[in-house]
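Asker: Turn this into a structure:
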Amino acid sequence: ALDLRAGDEVVTYVARNLEPYRGFPEFMRSLPEVLRRRPKAQVVIVGGNEVSYGAPPRGGKTFRELMLAELGAALDLNRVHFLGRVPYPLFLKVLQVSRVHVYLTYPFVLSWSMLEAMSAGCLVLGSRTAPVEEVIRDGENGLLVDFFDTAAIADRVVEMLEDPRAFADLRIAARRTIVDRYALQDCLPKQMAWLEQIVRVSSAS
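Answerer: Next comes the predicted model:
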């Protein structure tokens, strides 16, 4: 059984499905270097093997299978743990033991999982893409990296694993961002008012 605790060198990655739109190949390609430089690091990956966005891979394989075949022996599978899709309580436990949470995405709809990670006080390394930059300010409430630069992703993850105390303020600021801007009690009235305005405009036309 996987026994990880807060304080361990845990790198987390979460997506509904493990696919290119969410930077799964780039994340996987960064891992051999991370694992080589951080011998105690463990990687926990949450996500299914279907395709939510974009085209499925050719040949009937999953993106997970393709990446494992590509990386081969370069990837220490004793320290890379695929959990598949998990219930929400387990998802939260994964976030609570995370030392570094990696979130990558195309310029596309932002995943709720990134907001959940920030709410849990995770130290998030996000891709420097439009939806992420709406929420994460580099060096203030998280860190940003180029989506396709797997070497930079690895370097950043290693840096974040090495000295978690250096990034403690970013964790606090990440949670504060969510509480201040995305708390349900604040967002829901605004959404209801927005819907009511749409209904009024539609009724008047």
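Asker: From now on I want contacts and neighbour counts done on CA atoms only, so please keep to that.
Answerer: Fine.
Asker: Okay, helices next: where are they in this structure?
Answerer: In the chain, the segments counted as helices under DSSP state H are 24-37, 63-71, 88-97, 112-119, 130-133, 150-162, 168-182, 184-204.
Asker: Need the ones you listed in JSON lines (columns: distance to Leu2 and mean neighbour count).
Answerer: Shown next, in JSON lines, are those (distance: least, C-alpha to C-alpha, whole Å; neighbours: other C-alpha atoms under 10 Å):
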{"stretch": "helix 24-37", "distance to Leu2": "17", "mean neighbour count": "20"}
{"stretch": "helix 63-71", "distance to Leu2": "20", "mean neighbour count": "15"}
{"stretch": "helix 88-97", "distance to Leu2": "11", "mean neighbour count": "16"}
{"stretch": "helix 112-119", "distance to Leu2": "20", "mean neighbour count": "20"}
{"stretch": "helix 130-133", "distance to Leu2": "30", "mean neighbour count": "17"}
{"stretch": "helix 150-162", "distance to Leu2": "19", "mean neighbour count": "19"}
{"stretch": "helix 168-182", "distance to Leu2": "25", "mean neighbour count": "18"}
{"stretch": "helix 184-204", "distance to Leu2": "33", "mean neighbour count": "11"}
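Asker: would you turn those into CSV with mean pLDDT?
Answerer: Formatted as CSV, the helices of the chain follow (pLDDT from 0 to 100):
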stretch, mean pLDDT
helix 24-37, 98
helix 63-71, 97
helix 88-97, 96
helix 112-119, 95
helix 130-133, 95
helix 150-162, 98
helix 168-182, 94
helix 184-204, 71
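Asker: Tabulate those helices in TSV, adding columns for distance to Gly48.
Answerer: Shown next, in TSV, are the helices of the chain (distance: least, C-alpha to C-alpha, whole Å):
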stretch	distance to Gly48
helix 24-37	11
helix 63-71	9
helix 88-97	13
helix 112-119	14
helix 130-133	22
helix 150-162	22
helix 168-182	26
helix 184-204	27
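Asker: between those helices, which gets nearest to Asn141?
Answerer: Asn141 lies closest to helix 168-182 among those, at 4.4 Å (C-alpha to C-alpha).
Asker: Quick one: distance of the closest one to the chain centre.
Answerer: Offset of helix 168-182 from its chain centre (C-alpha atoms, centre = their mean, to the nearest Å): 16 Å.
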